[in-house]
Structure formats: structure tokens, C-alpha cells
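Novice: show me the folded form of this:
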Amino acid sequence: MTAHPSATADVLVIGGGPGGSAAAALLARGGHRVIVIERDVFPHSDRSGALLTPRSLTALQQLDLPEVERFHRLPQIRLTCEGRSTTTTWPRHPDFPGYAAAISFSALNHRLIQAAAAEGATVLAGHEATDPIVERGFARGANVTAPDGTTFEARAEYTIVADGANSRFGRALGTHRRPSWPYALGHRATYRSPLHDANEVELMVDLSDRSGTPITGYGWMLPTGDGNVTVGVMMMSTSPSFQVVNPGHLLERVIADHGARWHLAAEPIAPGVGRRMPLGMSVEPSAGPTYLLIGDAVGAGNPLSGVGIEASLETGTLAAGVIDDALQSGSAAALQQYTQLLSQHYGSFFKVGRLANRMLGQPSMSRRISRAAASRRPAADVALRLAANELRPGHAGIAELAYRVARTISRVAPDA
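Specialist: Numbers count the residues shown, from 1 in each chain. Sure thing, here's the model as predicted:
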């Protein structure tokens, strides 16, 4: 195995998804040499819609992507439960826009990887980082397989691990997921629909198994403005019947119950896809002497909503700042800040979220909350502000007060 002539850099990014591309773009903008190793070739074939929450849009603004303003806007959310619906808007927050947006995963990833390349990062698409190069306990790069099957070494002073939920690269460095903490299973498919340009995303909060027992999670209908609507389900591992419910079959039932209202075509444009998502920073350690984990690789998905794009972008931005400090100072000691930064940004909220996830696993509690959110707008607003982590510092709203009580309880409660 030989070194690729261009595969020596300051930073190696394993994975060119939203978080990895964002980190690469920011580091390259700062004048650092960056290589991105990405297994897929862009644009890839996943035409499923991606929901960009207000937090996600705020994170994207740092990349100065002009296309963001042209993404399909979704100012409204509809919550549906047992035939009843409540329509509301995204929570007002001083730091986030009052709307979400949608775009296909393929288009989003393509734009972000292009942004990284435009800033000067070297993008090796169609390449696979098979395992890390570790010397005297320090990660110094990766062994890489090119599209033609040849292998070479990509070396760098620091490495960002952004290869997704199963993170084979992270496991090779010694990371592990806390098996008792909640995780989610998702399944989605995309259909042609004349309602593709609707201005709201619908959340179905009344999922249940075939015996009628509530499932912790939700279904969704996401119009992307490009002729398509993506329908999906998110099921948390705290659901009573989690081990026996097939998420693909659950998706079929959601389509049967709600597809006609959205005028979905008879067949999806591509087969449905599923994925498993670690949540609540359940993967550790998040950092080593010369590497950092971001996004799904560190289990950064929101434990209340299961949403992961915003955390991928945010953790990618945090990692870029920490590694920039390390390169500017010439000291790897700067990487020790990363775990503390994650705790400051997510620690309390994620612990509350993990505990709430378990509480919602109680069928009676889940049913009461879902019915209230879908029948009364004030209840829907509180639920959305909590689930979307759009709490306002210093504000005395119902959601903020409820969170403060939950955070106080979480300090003495066993971690979930």
C-alpha cells in the first residue's frame, strides 16, 4: 500500500454527509488542507426528502449557501391523531427562522459537498476508508480503497469521523454505543404527488401496533416541492412492542391510512429504505487524541424527535472550530475541549430527552400527550418547542418551565 500523491492533509474527514461536508468547508475556508473520503458518488440516488428544521437552517447559514433561500419552505406543521388535527407554525425563537424547509437528501448532500470543494477541500468521492492508520496510539489517517480497487494511505494530523450511524471507522478506533440508551428505527419511501408544493409537514402521532398499543414515535408526510412527497415512520426503542414491529410494515399502514389524503401515486419512485439511529450522544468516546466524532457517528440525534441533520451540522461546526484551534495553536490539547462543548450544547437537554423517551414508552402517557397535541394548538406548540429543542433562554413560557422542572428531576434520576 502506497501513499496517494495528493492524500496528505491537515485534516481528514471520513464521510461527506451534511456534517462532514460542513466541517470540511469551514476548515478549508480557514486555510487548512482538507481531504474528504466519501464512499458515494454525488449526486447519489436517494431522492427521499430531508426536513431541515429551523436549527438546521441556522447551521447552514454559516456555509453561505445561496441555494438555501430556494429550498421548499414549510412554515406550518400539522399534528394528526385518531382523525383529529391541529395546524400550527414553528416555534418563535430569537436565534432561528420561523419556518423549516425541505429538499431531497441527494440534492442536499450534493450542494454541501460542492461547497466543501469550492472552499478548497479535496473530495475523493467513490472512495472508501477501510480502517484507520494508528501509530503509537494516535490516529494518523486512513487506508483507502479507490473506485478501481487500488489502495493507498490518506494521512492527516487530525481526523473527523463522520461516517454515519454504524460508523465502522469509529468502532475501529474503539468507540461503542451505550446499549441501554434509546435509539430509533426509521423507514421512508418517496411518492409522486400533486401536493408536493404544500406549505406544511404533517406528523401522525398516533402510531400503534396491530393490537392497538401505542408506539413511541410518529409518522410524517414531507412535501419537497420537486414533485415528490416523502412518507416515513420513526419508531423509538422504548416502544412496548419495539422488538416485534417491522418498521416497513408500519410504513405500509401509514400509507394505507393517510396516502389518499396526500394523493400519493400508487407506487414509490424507489424502494423504501430504513436505518437505525443512535440518539442522545449514546456513542463514546466522542474524541481521541487526534480525532473527533460528529453527527450520527457520535449518536447525536435528538432523543425526543429522532432528527439528526441539525445535530450533524452543529457538531460538524463545533468540530471544525476545535480542530482549527488545534492547528492554529500547534497543540492537539485543544481537542480536549470537544467533549465539554458537546456537554454544554446538548448535555442537559439530551438527558431530559432520554428520560422523556422512556416515559413516553408508557402507553397511557403516550396516548394522552398525543391526543392533547393533536386537538389543542397550545398543547401542540409546547410539544413542538420541546421536541425541536427551541427553548428560549430566560423565557417563562410553558415549555421552558416544563423543561426546567424536568431538568431538575433529571439531576437526581438515573441516566437513561
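Novice: got a list of what Ser167 touches?
Specialist: Ser167 is in contact with Val161, Thr175, Val283, Leu293, Asp296, Ala297, counting by CB atoms under 8 Å, 6 or more residues apart in numbering. Using the backbone N, CA and C atoms, a C-beta is placed for each residue, glycine as well.
Novice: any low-confidence regions in this protein?
Specialist: By pLDDT under 70, the weakly predicted segments of the chain are 1-6, 415-416.
Novice: longest helix of it?
Specialist: In the chain, assigned by DSSP state H, the helix with the most residues is helix 309-329.
Novice: elements contacting it?
Specialist: Helix 309-329 makes packing contacts with strand 2-14, helix 18-29, strand 49-52, helix 54-61, strand 151-161, strand 291-293, helix 337-342 when contacts are defined by 3 or more CB pairs under 8 Å, 6 or more residues apart in numbering; DSSP states H and E.
Novice: next, Ile77: phi, psi?
Specialist: Main-chain torsions, Ile77, degrees, to the nearest 10: phi -130, psi 140.
Novice: sorry, wrong one. I was asking about Val229.
Specialist: Note on Val229: backbone dihedrals following degrees, to the nearest 10 are phi -130, psi 130.
Novice: dump the residue contacts of the closest residue to it other than its chain neighbours.
Specialist: Spatially, and ignoring its direct neighbours in sequence, Val229 is nearest to Ser193 (4.1 Å; CB to CB, 6 or more residues apart in numbering). Ser193 sits next to Pro223, Gly227, Asn228, Val229, Trp262, His263, Leu264, Ala265 when contact means CB under 8 Å, 6+ apart.
Novice: most neighbours among the contacts of Ser167, which one?
Specialist: Neighbour counts for the contacts of Ser167, by other CB atoms under 10 Å, peak at Val161, which reaches 34 neighbours.
Novice: so who does it touch?
Specialist: Ile14, Gly15, Ser167, Phe169, Gly170, Leu173, Tyr291, Leu292, Leu293, Ile294, Ala297, Val298.
Novice: now swap in Ala265 and tell me
Specialist: Per CB under 8 Å, 6+ apart, neighbours of Ala265: Tyr191, Arg192, Ser193.
Novice: on that earlier part again, which one of the contacts of Ser193 is nearest to Met365?
Specialist: Trp262 (29.3 Å; CB to CB).
Novice: quick one, phi psi at the closest one?
Specialist: phi -100, psi 10.
Novice: just checking, it touches Pro194?
Specialist: No - Trp262 is beyond contact range of Pro194, at 9.2 Å (criterion: CB atoms under 8 Å).
Novice: so what does whichever helix or strand Val233 is part of touch, helix or strand wise?
Specialist: According to DSSP states H and E, Val233 maps onto strand 228-236. Strand 228-236 sits against strand 49-52, strand 183-192, strand 217-223, helix 247-258, with contacts defined as 3+ CB pairs under 8 Å, 6+ apart.
Novice: just to revisit the earlier point, which of Trp262 and Pro194 has more neighbours?
Specialist: Counted by other CB under 10 Å, Trp262 and Pro194 do not tie: Trp262 has more neighbours, with 18 against 12.
Novice: so who does the more buried one touch?
Specialist: Contacts for Trp262 were tallied using CB under 8 Å, 6+ apart; they are Ser193, Leu195, Glu202, Met221, Val229, Val231.
Novice: pull out the buried members of these.
Specialist: Buried subset of the contacts of Trp262 (neighbour count, 16 or more other CB atoms under 10 Å): Ser193, Glu202, Met221, Val229, Val231.
Novice: which two of these have the greatest separation?
Specialist: Using CB to CB, the pair of the buried ones among the contacts of Trp262 lying farthest apart is Ser193 and Glu202, separated by 12.1 Å.
Novice: the one helix or strand Thr87 maps to packs against which elements?
Specialist: Using DSSP H and E, Thr87 sits within strand 84-89. Strand 84-89 sits against strand 76-81, helix 363-375, helix 377-387, with contacts defined as 3+ CB pairs under 8 Å, 6+ apart.
Novice: now do that strand against strand 76-81, angle only.
Specialist: Relative orientation of strand 84-89 versus strand 76-81 (axes from the mean of the first three to the mean of the last three CA atoms, to 10 degrees): 160 degrees.
Novice: what residues of strand 84-89 count as buried?
Specialist: In strand 84-89, counting by 16+ other CB under 10 Å, buried: Thr86, Thr88, Thr89.
Novice: leaving out sequence neighbours, find the closest residue to Asp325.
Specialist: Excluding the flanking residues, the one nearest Asp325 by CB to CB, 6+ apart is Ala334, at 4.1 Å.
Novice: distance of that neighbour relative to His44?
Specialist: Look at Ala334 and His44: by CB to CB, to the nearest Å, they are 34 Å apart.
Novice: what do you get for Arg33?
Specialist: Separation of Arg33 from His44 (CB to CB): 26 Å.
Novice: who has more neighbours, these two?
Specialist: When Arg33 and His44 are compared for neighbours, Arg33 comes out ahead with 18 against 14, by other CB under 10 Å.
Novice: phi and psi next, for the more buried one.
Specialist: Residue torsions, per degrees, to the nearest 10, at Arg33 are phi -80, psi 120.
Novice: residues contacting the residue lying closest to Arg92 once chain neighbours are set aside?
Specialist: Distance criterion CB to CB, 6+ apart; nearest residue to Arg92, sequence neighbours excluded, is Gly98 at 6.0 Å. By CB under 8 Å, 6+ apart, Gly98 lies in contact with Pro54, Pro75, Thr89, Trp90, Arg92.
Novice: the third one pairs with what?
Specialist: With DSSP bridges as the criterion, the beta-bridge partners of Thr89 are Gln76.
Novice: and it, what does it touch?
Specialist: Applying CB under 8 Å, 6+ apart to Thr89 gives the contacts Pro75, Gln76, Ile77, Gly98, Tyr99.
Novice: how about the nearest residue to Leu341, chain neighbours excluded?
Specialist: Once flanking residues are discounted, Leu341 sits nearest to Leu318: 5.2 Å by CB to CB, 6+ apart.
Novice: near the one you found, how many other residues are there?
Specialist: By other CB under 10 Å, the residues close to Leu318 number 20.
Novice: for Ile77, see how far away the nearest residue to Val134 once chain neighbours are set aside is.
Specialist: Spatial nearest neighbour of Val134, excluding adjacent residues (CB to CB, 6+ apart): Arg140 at 7.0 Å. Using CB to CB, we find Arg140 at a distance of 46 Å from Ile77.
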